[in-house]
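*Asks:* I'd like to go over a predicted model; first the sequence, then the structure.
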Amino acid sequence: MNPARPNKGVLGLRSRLALAIAALALVLLATVGWSLVELSRGLALRAQREQGVALLQSLAPQSARALAVNDLAGLDDHLAETVLHVHPSWTSILYLAAYDSSGRLLLRAGDGSLLSRRAPEVMDPAFLACAIDTQDACWQHAGGPGGESLMFLSAPASSGLRWGTLVGAFDLDNLEGSSEHWFRQALGFALVLAGLVYLLIWFGLSHMVIAPLRRLSRAARRLREGDLTARVSMERGDELGQLGAAFDDMAERLQAHTANLEHKVAERSARIRQQNQELERVNADLAGINTQLERLATTDALTGLHNRRYLQQALDFELARGQRAEHPFCLLMMDIDHFKRVNDSYGHAVGDKVLIQVAQILQENLRNIDLRARWGGEEFVALLLDSQRDAGLQVAEKIRAVLERTEIHADLDEPVRVTISIGVASSPADGVEDRKLFAHADAALYRAKEGGRNRVEG
């Protein structure tokens with residue numbers, strides 16, 4: 001009976017090992033299968049997102065032009081035509097919508113289904129805020145009211161200037177169904193493969209030796225826990241002895257390799273820290289340079305006001321905004337009277353102080369929303385937003401009066417005094433094109449000069 005007990009012990013251990021290895025194989029294979037399915041689903045979701053963004057970006061230029069001229073009917077037709085003719089194999093689109101710059105829904109073109117009508121209910125307000133406020137594409141993955149899987153994507157509708165935002169809703173049910181199908185297939189394959197592994201282990205473990213395996217197991221456990229000095233030290237001539245020798249050799253090499261790696265990691269970490277510090281310094285320098293370049297591109301260096309280029313862009317924007325809804329504003333053209341006489345009499349340094357003083361008066365006497373710019377030489381231009389003609393004339397008269405009584409001290413025996421002539425034009429009364437507005441304001445300025453200077457004409 002004594003010889004039978006070890007045999008039973010060996011057989012019992014073999015069975016338990018076979019079951020444990022089979023279970024481990026099943027878990028590993030199921031994990032791999034699930035990982036592959038999730039990877040496939042993630043790639044498909046990313047492809048769907050990229051396709052949707054590409055579609056919205058392709059529609060953005062034409063949509064921007066339609067929004068710029070307030071052609072909502074034409075834009076609705078264009079979006080509806082796009083929804084109808086996008087092939088389902090490329091992207092499953094439910095509807096396309098256009099929003100203005102304040103987040104107001106202008107129109108929505110889609111198939112009119114219940115899902116299409118209820119999809120905005122599950123749109124996250126944070127997504128819509130991201131879509132309206134940023135220049136990049138935004139996206140949201142959400143569940144529909146009936147358990148559907150939806151994706152919302154956005155792209156700015158811009159053509160030089162941003163006129164609004166396009167938002168598309170896409171159906172992901174086909175994608176989710178495909179992922180579930182692949183998961184079921186991967187799980188079935190994992191079960192079959194796990195069964196085969198179990199059978200191979202069951203019939204392959206015919207010679208098991210308890211003590212050497214436990215010894216090898218203890219050494220492996222110590223090594224796994226970080227003890228690189230663990231060794232089997234098993235003197236045997238059979239396969240288990242060779243396995244023990246191989247384990248010891250592997251542990252020896254692993255210990256040496258780990259020590260070498262730790263040394264290299266320490267050196268590389270030091271280099272990376274140094275490179276990161278250098279990179280942060282370079283990035284900080286670049287950020288400062290970019291900020292300075294942006295300021296120089298839109299600012300007059302002497303007065304600190306906006307330059308002619310910036311104000312022209314702002315004027316174009318206000319004129320385009322006025323085409324969609326009436327937004328009155330006033331254009332003030334200002335010219336310092338007899339400025340050449342100041343330069344000739346006192347020098348250009350005093351002339352520069354006069355220009356700086358005029359710019360300061362504009363800064364102090366205009367609202368924060370108004371725009372001021374040095375147009376060139378002794379000429380200044382201001383845009384008074386959301387202002388009627390009467391308000392523009394009052395502001396111009398205030399600027400004229402303040403400058404008239406201002407003393408400019410320039411290290412001379414007596415302070416310098418200058419006056420200014422101002423021409424006022426208003427939109428839309430005097431025109432809805434920059435050429436007409438400037439012509440009207442310039443004509444008014446000419447009348448002010450001819451009328452004796454130090455005057456406001458409109």
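*Replies:* Done, it's in. Owing to the predicted nature of the structure, the values given are computational and were not obtained by experimental measurement.

*Asks:* from here on, contacts and neighbour counts on C-alpha atoms
*Replies:* OK.

*Asks:* neighbours around Asp442, how many?
*Replies:* Counted with other C-alpha atoms under 10 Å, the neighbours of Asp442 add up to 21.

*Asks:* Repeat that for Arg405.
*Replies:* Neighbours of Arg405 (other C-alpha under 10 Å): 11.

*Asks:* For it, which non-adjacent residue is closest in space?
*Replies:* Arg417 (7.6 Å; C-alpha to C-alpha, 6 or more residues apart in numbering).

*Asks:* Please tell me how far the one you found sits from Val402.
*Replies:* As defined by C-alpha to C-alpha, to the nearest Å, Arg417 lies at a distance of 11 Å from Val402.

*Asks:* got the contact list for the residue nearest to Glu404 when sequence neighbours are not counted?
*Replies:* Leaving aside its chain neighbours, Glu404 sits nearest to Thr419 (5.2 Å; criterion: C-alpha to C-alpha, 6+ apart). Contacts of Thr419 were listed using C-alpha atoms under 8 Å, 6 or more residues apart in numbering, and they are 336-337, 400, 403-404, 453-454.

*Asks:* Throw those residues into a markdown table and include pLDDT, neighbour count and distance to Tyr99, thanks.
*Replies:* What follows is those, written out as a markdown table (pLDDT from 0 to 100; neighbours: other C-alpha atoms under 10 Å; distance: C-alpha to C-alpha, whole Å):
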| residue | pLDDT | neighbour count | distance to Tyr99 |
| --- | --- | --- | --- |
| Ile336 | 96 | 21 | 45 |
| Asp337 | 95 | 18 | 48 |
| Arg400 | 95 | 21 | 43 |
| Leu403 | 94 | 21 | 45 |
| Glu404 | 94 | 14 | 48 |
| Arg453 | 95 | 19 | 49 |
| Asn454 | 95 | 20 | 47 |
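
*Asks:* Check those against Ser159 and report the nearest one.
*Replies:* Distances from Ser159 to the contacts of Thr419, taken as C-alpha to C-alpha, are shortest for Ile336 (37.5 Å).

*Asks:* hang on, the earlier thing: was I right about the residue nearest to Arg405 contacting Glu407?
*Replies:* Yes. Between Arg417 and Glu407 there is a contact at 5.5 Å, judged by C-alpha atoms under 8 Å.

*Asks:* Cys330: how many residues sit nearby?
*Replies:* Neighbours of Cys330 using other C-alpha under 10 Å come to 27.

*Asks:* Torsion angles phi and psi at the spatially most central residue of the chain?
*Replies:* Nearest to the mean C-alpha position of the chain, by C-alpha atoms, centre = their mean, lies Asp136 at 4.4 Å. Backbone torsions of Asp136, given as degrees, to the nearest 10, read phi -90, psi 160.

*Asks:* which residues does it contact?
*Replies:* Contacts of Asp136 by C-alpha under 8 Å, 6+ apart are 155-156.

*Asks:* State the helix or strand in which Arg372 lies.
*Replies:* Using DSSP states H and E, Arg372 maps to strand 371-376.

*Asks:* mind listing the helices for the stretch 201-350 of the chain?
*Replies:* 210-224, 239-298, 308-324, 339-346, 348-365 (DSSP state H, counting those that start in this stretch).

*Asks:* Next, format those helices as JSON lines and append mean pLDDT.
*Replies:* Conversion of these to JSON lines gives the following (pLDDT from 0 to 100):
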{"stretch": "helix 210-224", "mean pLDDT": "78"}
{"stretch": "helix 239-298", "mean pLDDT": "81"}
{"stretch": "helix 308-324", "mean pLDDT": "86"}
{"stretch": "helix 339-346", "mean pLDDT": "91"}
{"stretch": "helix 348-365", "mean pLDDT": "94"}
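
*Asks:* could those helices be laid out in JSON lines, adding distance to Asp77?
*Replies:* Converted to JSON lines, the helices of the stretch 201-350 of the chain look like this (distance: least, C-alpha to C-alpha, whole Å):
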{"stretch": "helix 210-224", "distance to Asp77": "66"}
{"stretch": "helix 239-298", "distance to Asp77": "39"}
{"stretch": "helix 308-324", "distance to Asp77": "19"}
{"stretch": "helix 339-346", "distance to Asp77": "57"}
{"stretch": "helix 348-365", "distance to Asp77": "47"}
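
*Asks:* Format the ones you listed as a markdown table; extra columns: distance to Pro61 and mean neighbour count.
*Replies:* A markdown table is the format used below for the helices of the stretch 201-350 of the chain (distance: least, C-alpha to C-alpha, whole Å; neighbours: other C-alpha atoms under 10 Å):
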| stretch | distance to Pro61 | mean neighbour count |
| --- | --- | --- |
| helix 210-224 | 60 | 15 |
| helix 239-298 | 26 | 13 |
| helix 308-324 | 16 | 17 |
| helix 339-346 | 46 | 14 |
| helix 348-365 | 37 | 17 |
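
*Asks:* Of all these, which one comes closest to Leu45?
*Replies:* With C-alpha to C-alpha as the yardstick, what comes closest out of those is helix 239-298 (33.8 Å).

*Asks:* Please give the centre-to-centre distance between the closest one and its chain.
*Replies:* With C-alpha atoms, centre = their mean, to the nearest Å as the basis, helix 239-298 stands 29 Å off its chain's centre.

*Asks:* again with stretch 64-76
*Replies:* 26 Å.

*Asks:* picking up where we left off before, now do the strand holding Arg372 and helix 239-298, the angle between them.
*Replies:* 70 degrees (axes from the mean of the first three to the mean of the last three C-alpha atoms, to 10 degrees).

*Asks:* elements contacting strand 371-376?
*Replies:* helix 308-324, strand 379-385 (3 or more C-alpha pairs under 8 Å, 6 or more residues apart in numbering; DSSP states H and E).

*Asks:* May I see the ones you listed arranged in JSON lines, with distance to Asp300 as well?
*Replies:* Below are the helices and strands packed on strand 371-376 laid out as JSON lines (distance: least, C-alpha to C-alpha, whole Å):
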{"stretch": "helix 308-324", "distance to Asp300": "8"}
{"stretch": "strand 379-385", "distance to Asp300": "11"}
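
*Asks:* Domain-wise, how is this structure divided?
*Replies:* If you go by automatic domain parsing, the domain ranges for the chain are 21-177, 209-298, 308-457.

*Asks:* Distance to Leu193 added to those domains, as CSV?
*Replies:* Below are these laid out as CSV (distance: least, C-alpha to C-alpha, whole Å):
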stretch, distance to Leu193
domain 21-177, 8
domain 209-298, 26
domain 308-457, 67
